[in-house]
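*Asks:* Here is the input, now give the coordinates:
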Amino acid sequence: MNILSKYLLLLVLLIILSVDVYGQFHAQRTRPLKANSHLQLGDLELDFNSNPNEVRKTFEVFDILYRGVNFGAPYLFYNISLQTDKLANFLPVSHPTTGELRFLISSRGLYGKDLQLAPNGELNITLPSTNFERAIVTAPIFNDDDRYYLFGLSSSEDNLQLVSSIINTNLNGGKGDFEQSSKNIPFATLPADAFTEIIDIVPGNNCDYWLVIAQNLSTQFRIIAFNVSENGINPSPSVSSFNKTNINSTYWDMQISPARNLISYVTSDFSETNIGFLNFNVENGYASESEMPNINVIENSISTRTTFTPDNTHLIVYSNVHNNGEALFYKYDLRAYRNEYRKSSFTFPFKYRAFDNGLHGKYIPPLISFKTYNQTLYFNIPQSVQTVDPFDPEVMVVTIKGAATSIVPLLSRANDWNDMEIGKEIPLSNLCRLFNNNNIVYPYTEIDTIPNVYLDSVICLNPNSSFPATILQAKDGFENYVWNDGTSGPSQIITTPGKYWVHYKGDCNSRVDTFNISLWKPDVMLGSDTVICEQRFPINLAAGTTSQYLWDDNSTDRKRWIQEPGKYWVQFENFGCVQRDSIVITSKYCPCDINLPNAFSPNGDGNNDYFKPIIALGCVPQGYSFRIFNRWGQMVYSSFDEFDKGWDGNKNGLPADPGNYIYELRFKSRFLDDDYYAKGDLTLVR
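*Replies:* Predicted structure coming up:
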């Protein structure tokens, strides 16, 4: 590569990376964007092709599919099959170039672009009852813009099968239909006694994508990933198993991050609810434990729902918590996972009150669904009414008159989700729901650049050491490696912390690896060596804010009481770095320093409201006597052995006259050779 070519490639790379690499969302490329440009909202659609976005009543088929579903009470009785069959599996698919609606998939079958059931459109599979939400997903077939896979979970008495069908949009007079010979073809069998959910379709790095499934077994939680490429479906999946700490734990709401490197999940053991994270490797489909700590959800709520922001930097959580009549959303900065995620919150007025497990335990609370299009997040707003609990006529419960009254866009300011704003509410009808269906994604091709974003790497240093030479290594087996400084080759030696990236070429596409290298020198936790007055013992030593502590006396609290001079140390861990800090404390004899102001103003403002001597800490008076006289020699205040009290400016319960007064102070102390005596003037100001 000549110098000019290398310079041009670096210039292109810098232009690409002038937008934070976190923003490279796999479903926000042009083809996936257009393929998802119709958002299904029950009997309405939101058309993202129009400007402004238009809500239109075009899905009359919804009335046929879901006639008889009682939308007057969507605090539904626990009927998971009803929730799955009627609500969650409803997939509109649009043309990847024009955005025109191509077909609609429901749990009952295939509806062509005329929204009529296709001649061969009956799905003929039984969706499992052991399924929370998603049991069917669709994805394009490689190198063929007119054909799609439909993957589904099909239940029988003995097992749970994964089946595939092929949808051909050229059939049925160009309206679309299933290919008869490729319909409901089993390709894998899964345990039937587990809650099973299809998480999503995720583009891989090698001209492929992954069908990712979660299974919640009695003692394990599994992530199962099937590879799909131009060679078809590989029936041998990558299986990652994780033992449960509590057999009562239930997992749900699995989300895959826009950068494809994380899987979030919500788990509850009926006593508390947490959000956990797994690493996901798009090279091989395996998941692994993440170093990111769990997020504890305030409410133990089965209605907890989450979403990643489009730039992969934050997680937004709603768990049916209300504050002063408004729904409370939490936002966690995933980049600050070592700093408790820099948790923040925002509110939005909802008309229904929070779900109460004790009061409403017979019902499924209304769910808030999130949906991403382009760089905007949307969530739905349920509408509430009050009704009588059918099991207890004396109790009023909150139900939902319609599944959604409107949806609300969330968007970032200046492409930074630290600075987020709430857009204008989009009104709907009372028979709508923001369905949580999958995004239609396409595999990466030669025109795409794959971003690989790595979590920050922290290099731990001793306080007096310098940054060591560190090797950054890109993936081997590719060509045309160019780093951000213009150097070439699969590796680079760095001598300073910072953000580094490398661009290189594979068989299918270009890639950009980004490395965030942070330098961490230990904090001084205990401060500098110090000398204190011996009468101040005992004192309290406090370490900084980290997660774990170990003192020299084997105590593990953040604070420790020190009884005498000496050398003390504490060991702690921060950002994965183990550090020990020490302090030497010596003592000296300190006399009883006394300070007395010359004026005070007892006006109730909290400042100078009392007149009293200020005695050095540790100096304990004995035989204490403090008296105050007016200018005629009359005593207006006295205190004996009560050195913590002072004159409030009153005489016999009434405010004393402003002006000049005389004080007299006497006491003894073991730190004084002679008795202490002081006499002076003071001024009372009003």
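
*Asks:* What is the burial count for the closest residue to Ala225 other than its chain neighbours?
*Replies:* Leaving aside its sequence neighbours, Ala225 sits nearest to Gly285 (C-beta to C-beta, 6 or more residues apart in numbering; 3.4 Å). Using the backbone N, CA and C atoms, a C-beta is placed for each residue, glycine as well. If you count neighbours by other C-beta atoms under 10 Å, Gly285 ends up with 23.

*Asks:* what about Gly285, which SS state?
*Replies:* Here Gly285 is coil, with the state taken from DSSP: H, G, I helix; E, B strand; the rest coil.

*Asks:* ok, now Asn339?
*Replies:* Quick answer, by three-state DSSP: Asn339 is helix.

*Asks:* And Phe132, what's its pLDDT?
*Replies:* On the pLDDT scale, Phe132 is placed at 58.

*Asks:* What segments of the stretch 51-200 of the chain are strands?
*Replies:* Using DSSP state E, counting those that start in this stretch, the strands found in the stretch 51-200 of the chain span residues 54-56, 90-94, 101-106, 109-112, 117-122, 136-141, 144-155, 160-168, 177-178, 185-190, 195-203.

*Asks:* from the middle of its chain, how far away would the fourth one be?
*Replies:* I take that to be strand 109-112. Remark: strand 109-112 is offset 37 Å from the chain centroid, using C-alpha atoms, centre = their mean, to the nearest Å.

*Asks:* strand partners of that strand, parallel vs antiparallel please.
*Replies:* Here strand 109-112 is paired, per DSSP bridges, with strand 101-106 (antiparallel), strand 117-122 (antiparallel).

*Asks:* how about the ones you listed in CSV, adding distance to Ser218 and mean pLDDT?
*Replies:* Supplementary listing: the strands paired with strand 109-112 in CSV, determined by distance: least, C-beta to C-beta, whole Å; pLDDT from 0 to 100:
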stretch, distance to Ser218, mean pLDDT
strand 101-106, 32, 88
strand 117-122, 35, 93
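
*Asks:* Which one of these lies nearest to Asn143?
*Replies:* Between Asn143 and the strands paired with strand 109-112, the tightest spacing by C-beta to C-beta is seen for strand 101-106, at 17.4 Å.

*Asks:* residues making contact with the closest one?
*Replies:* 38, 40, 45, 59, 61, 65, 89-95, 110-113, 115, 118, 136, 138, 150, 167, 169, 175-176 (C-beta atoms under 8 Å, 6 or more residues apart in numbering).

*Asks:* Nearest to Phe478, out of the strands of the stretch 51-200 of the chain?
*Replies:* Here strand 195-203 is closest among the strands of the stretch 51-200 of the chain (C-beta to C-beta), at 17.8 Å.

*Asks:* Domains of the chain: list them as residue ranges, please.
*Replies:* Per automatic domain parsing, the domain ranges recorded for the chain read 3-427, 454-520, 530-588, 594-684.

*Asks:* Out of the strands paired with strand 109-112, flag the one nearest Ile585.
*Replies:* Closest to Ile585 of those is strand 101-106 (C-beta to C-beta; 71.9 Å).

*Asks:* can you give me the angle that closest one makes with strand 90-94?
*Replies:* With axes from the mean of the first three to the mean of the last three C-alpha atoms, to 10 degrees defining the directions, strand 101-106 sits at 170 degrees from strand 90-94.

*Asks:* For stretch 550-570, buried residues please.
*Replies:* Trp551, Arg558, Arg560, Ile562, Tyr568, Val570 (16 or more other C-beta atoms under 10 Å).

*Asks:* what's the answer for stretch 325-344, then?
*Replies:* Ala327, Leu328, Phe329, Tyr330, Lys331, Tyr332, Asp333, Leu334, Arg335, Tyr337, Arg338, Tyr341.

*Asks:* So of the residues you listed, which two are at opposite extremes in space?
*Replies:* Ala327 and Arg338 (29.2 Å).

*Asks:* give me the low-pLDDT residue ranges for the stretch 101-250 of the chain?
*Replies:* The stretch 101-250 of the chain contains residues with pLDDT under 70 at 130-132.

*Asks:* quick one on the thing from earlier: dump the strands of the stretch 51-200 of the chain to CSV, plus mean neighbour count.
*Replies:* Shown next, in CSV, are these (neighbours: other C-beta atoms under 10 Å):
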stretch, mean neighbour count
strand 54-56, 15
strand 90-94, 23
strand 101-106, 24
strand 109-112, 22
strand 117-122, 18
strand 136-141, 23
strand 144-155, 20
strand 160-168, 21
strand 177-178, 22
strand 185-190, 15
strand 195-203, 23
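
*Asks:* Quick one: closest of the ones you listed to Pro409.
*Replies:* Closest approach to Pro409 among these (C-beta to C-beta): strand 54-56, 12.7 Å.

*Asks:* Can I get stretch 445-452 as CSV, trimmed to CA atoms?
*Replies:* Below are the C-alpha coordinates for stretch 445-452, written out as CSV (Å, rounded to 0.1, in the frame of the first residue of the first chain):
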residue,chain,number,x,y,z
THR,A,445,-21.7,-7.8,3.4
GLU,A,446,-18.7,-6.3,1.6
ILE,A,447,-20.1,-2.8,1.8
ASP,A,448,-20.5,-3.0,5.6
THR,A,449,-18.0,-2.3,8.3
ILE,A,450,-18.4,-4.4,11.4
PRO,A,451,-17.6,-2.6,14.7
ASN,A,452,-16.1,-4.7,17.5
